[in-house]
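> Predicted model follows, preceded by the sequence.
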Amino acid sequence: MGKNQTYLSPEAKEIEELLEKQYGPWVKEKDLGFKYFSDKTEFNVFASGIQELFLQVFKNENSGEVQVMEQKMKNLGKNLYSATVNGDLENMMYRLKVKKRGKEHLALDPYTEITSLNGDKSLIIHSNDIEPQGWDEDSFVELKNPVDAVIYETHVQDFTQSSSSGVEKNGKYIGLVEENTTIPGTDIRTGLDHLKQLGINYVQLMPLAQNGSAIEHEDDSYNWGYDPENFMVPEGSYSERPEEPKLRVLELKEMVKKLHQNGIGVIKDTVLNHTYVFGRNSLRKLAKDHFFRNTNGSGCGNEIATENPIVQKYVMDILKHWQKNYHIDGFRLDLMALHSKKTLETVKRELEHNNPSTMFYGEPWKAQRSEIDDIHDLKSMERKNQINSGIAAFNDKARDGIKGSPNGTDRGYVTGKIMENRDLIKDVITGEVEIFKGQPYEVIAYTTCHDGNTLYEKICKSAEEFPHEKKKEAAKFANSIILTSQAIPFIHSGDEMLRTRKFDHNPYKGPKEKNMINWHKKEENIDLTQYYQGLIKLRKDHPAFRIGNAEDIRESIRFYDDKDLEYSPKGLVVYQIDYDEDEWDDITVIHNPYHEKAKVELPGDKRWKVVVDGKEAGTEQILSFKGKVFRADELSTTILHT
């Protein structure tokens with residue numbers, strides 16, 4: 001791993017100094033975890049409130065795993081326990097035995113990077129010693145501004161699990177990046193080729209760290225992964241052979257490398273607010289008083305106290321590990337409001353030293369009440385504290401305003417609740433630079449994610465009376481608002497083909513059949529997929545839709561409400577973008593939520609080019625128009641320019 005205490009940013013060094021004052025010089029002198037040499041291995045563990053700590057070492061023999069030694073670790077004071085074992089321990093395994101209140105508990109080193117099957121023991125080899133060919137040449141995806149990102153959320157298994165994907169290694173790390181795959185018997189692209197065709201440039205993968213629910217060697221075992229067990233270890237369920245500990249490391253790196261080669265960055269969905277089953281968790285056994293609060297703000301039985309300096313260090317070390325050893329481009333943080341603002345700002349600055357283009361965002365809420373709100377002089381990363389931090393947050397109000405809440409039958413702008421949500425749509429368009437007074441790159445604009453019904457299912461529930469084609473149009477319309485927003489656009493995997501999950505809003509533990517992408521949906525809705533492709537190309541080719549700065553957005557965007565131009569019906573949202581860095585002039589966007597054509601007065605006696613309407617989207621002219629009043633397609637977005 002190298003020195004996990006080597007920090008680069010002033011903010012991280014400040015935390016290190018606080019730790020040194022509290023725990024002594026070992027903070028800078030020792031690596032937590034193990035440090036391997038060919039003639040010896042050193043082990044260092046942070047622990048508190050225990051009586052004794054023992055190191056157990058195992059090796060593989062024909063008969064299975066055999067314990068070869070148990071050694072009491074020395075208490076060096078200031079919460080550091082240490083042991084040195086002579087000899088070459090490479091590829092052996094170890095675990096910890098904790099004596100606490102007269103009882104013995106087995107635990108894993110929290111700094112474990114590779115485990116045996118199902119996280120039973122830690123492997124004595126570092127993940128940076130396992131590399132695919134060409135890893136040294138691999139690099140992060142670069143961005144000038146986070147609003148240049150188009151994020152596509154998926155799950156490693158879901159994306160290629162179905163036989164309809166045409167992928168050989170279904171549901172695996174390497175299956176996600178198989179090339180030249182199509183729906184069997186067709187030329188319709190799937191998998192990686194679908195991502196390339198769509199034009200997205202970031203894939204957000206649901207949790208990759210080893211979780212406590214999935215049984216890695218059982219084919220039918222499934223979980224979304226929001227129950228972390230070992231924070232630095234890749235999940236084995238996505239490996240071809242999870243019983244081979246080093247293979248998953250190689251496969252994950254190969255997946256990241258292949259995505260990078262195709263211009264796609266990797267964002268790791270990261271759960272740092274709680275652990276899996278509290279009673280069995282190693283952090284609880286080793287240092288409960290340092291690592292946990294006494295409330296259940298996560299709704300999962302426990303919550304991690306990331307305001308404590310030793311935990312801040314652990315969080316930084318976890319994310320730096322994934323960035324350094326797996327070349328992860330960014331992180332999505334689950335229940336971000338359970339973390340302190342200072343912690344996340346510090347982590348972001350530290351990550352940016354290695355990758356200035358690091359994507360860093362999360363959910364600005366928590367599941368339940370937390371004592372973090374009662375800590376004096378501490379700000380949690382909820383929405384009111386997130387603005388102007390440089391850290392982006394999901395906009396749930398806009399999500400609900402566009403199509404209604406994730407699970408209910410309530411409606412939004414695209415399903416008939418128009419006037420009540422019209423102002424929210426305007427906020428989405430500008431990246432919320434007026435309502436929250438922040439920057440557009442601090443906002444994730446989205447309609448759906450893994451939580452809640454899929455976009456199509458939500459529209460079916462809230463607009464049952466719509467015929468199928470109108471439901472499809474409403475789904476298309478919803479994400480056309482997102483993909484033309486000045487914020488960072490986010491798409492849930494399958495939105496572009498009307499994905500369904502049998503109307504289950506929370507199938508987090510499976511079965512696989514319910515969660516997996518049915519690629520025949522793309523075949524049935526190829527026109528919809530092509531529409532998404534066109535909107536993404538429009539966004540990438542034209543900086544007017546990703547201006548990236550609040551002041552420039554205010555100067556460049558003018559709503560018709562502020563101009564002396566007429567339109568009807570009154571629930572439309574119509575605006576113009578005049579941005580000097582874009583080659584197009586008089587860009588006019590019309591969002592029409594009605595099931596009838598809209599009338600919009602256009603300025604001047606000009607010839608207009610339509611590039612987006614209810615059926616097609618892109619950068620090429622669909623039709624030319626000259627006149628004073630334009631009739632825009634129903635239940636859709638129209639974009640014109642001169």
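Alright, I've got the coordinates.

> For L205, give the beta-bridge partners.
Note on L205: beta-bridge partners by DSSP bridges are T154, K268.

> Hmm, K268 and it touching each other?
Yes - between L205 and K268 a contact is recorded at 6.2 Å, counting by Cβ atoms under 8 Å. Quick note: C-beta positions are derived from backbone N, CA and C, even for glycine.

> So which of the two has more stuff around it?
L205 (25 against 21; other Cβ atoms under 10 Å).

> Can you check what pLDDT the model gives that one?
L205 is assigned a pLDDT of 98 by the prediction.

> Please apply the same query to S63.
So, for S63, pLDDT stands at 69.

> likewise G604?
87.

> Strands of the stretch 101-250 of the chain, residue ranges please.
Per DSSP state E, counting those that start in this stretch, the stretch 101-250 of the chain carries strands over the ranges 103-107, 122-123, 151-154, 202-205, 209-211, 228-234.

> Just give me the neighbour total for H595.
H595, neighbours per other Cβ under 10 Å, totals 12.

> show me the residues around it that make contact.
K470, E634, L635 (Cβ atoms under 8 Å, 6 or more residues apart in numbering).

> From P234, how far out is it?
48 Å (Cβ to Cβ, to the nearest Å).

> Distance to G438 for the strands of the stretch 101-250 of the chain - can I get that in JSON lines?
Shown next, in JSON lines, are these (distance: least, Cβ to Cβ, whole Å):
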{"stretch": "strand 103-107", "distance to G438": "42"}
{"stretch": "strand 122-123", "distance to G438": "42"}
{"stretch": "strand 151-154", "distance to G438": "18"}
{"stretch": "strand 202-205", "distance to G438": "21"}
{"stretch": "strand 209-211", "distance to G438": "30"}
{"stretch": "strand 228-234", "distance to G438": "30"}
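
> I402 is nearest to which of these?
Taking Cβ to Cβ, strand 151-154 is the member of the strands of the stretch 101-250 of the chain nearest to I402, at 16.6 Å.

> domain assignment for the protein?
Split into domains by automatic domain parsing, the chain comes to 10-129, 146-545, 554-641.

> who wins for proximity to E137 among the ones you listed?
Per Cβ to Cβ, nearest to E137 of the domains of the chain: domain 146-545, 8.8 Å.

> how long is that closest one end to end?
End-to-end span of domain 146-545 (Cα to Cα, to the nearest Å): 13 Å.

> ok, now stretch 630-642?
14 Å.

> Show me what counts as buried in that stretch.
F630, A632, D633, E634, L635, S636, T637, T638, I639, L640, H641 (16 or more other Cβ atoms under 10 Å).

> picking up where we left off before, most tightly surrounded among the domains of the chain?
domain 146-545 (a mean of 21; mean count of other Cβ atoms under 10 Å).

> Any idea how far that domain is from the middle of the chain?
4 Å (Cα atoms, centre = their mean, to the nearest Å).

> repeat for stretch 566-585
With Cα atoms, centre = their mean, you get 32 Å for stretch 566-585.

> Can I get it in CSV, CA atoms only?
What follows is stretch 566-585, C-alpha atoms only, in CSV (Å, rounded to 0.1, in the frame of the first residue of the first chain):
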residue,chain,number,x,y,z
GLU,A,566,-45.7,35.3,-26.1
TYR,A,567,-46.3,31.6,-25.7
SER,A,568,-49.1,29.3,-24.8
PRO,A,569,-50.2,27.3,-22.9
LYS,A,570,-48.8,29.1,-19.9
GLY,A,571,-47.3,26.0,-18.2
LEU,A,572,-44.6,25.9,-20.9
VAL,A,573,-41.0,26.7,-19.9
VAL,A,574,-39.3,28.6,-22.7
TYR,A,575,-35.8,30.1,-22.6
GLN,A,576,-33.0,31.3,-24.8
ILE,A,577,-29.3,30.8,-24.4
ASP,A,578,-26.8,33.3,-25.8
TYR,A,579,-23.4,32.0,-25.0
ASP,A,580,-20.3,33.4,-26.7
GLU,A,581,-18.4,30.2,-26.6
ASP,A,582,-21.0,28.3,-28.6
GLU,A,583,-21.1,28.5,-32.4
TRP,A,584,-25.0,28.6,-32.4
ASP,A,585,-26.9,31.8,-31.9
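
> Point out where the stretch 451-600 of the chain drops to low pLDDT.
Along the stretch 451-600 of the chain, the model assigns pLDDT under 70 to no residue.

> Any idea which of the strands of the stretch 101-250 of the chain gets closest to E496?
strand 151-154 (8.9 Å).
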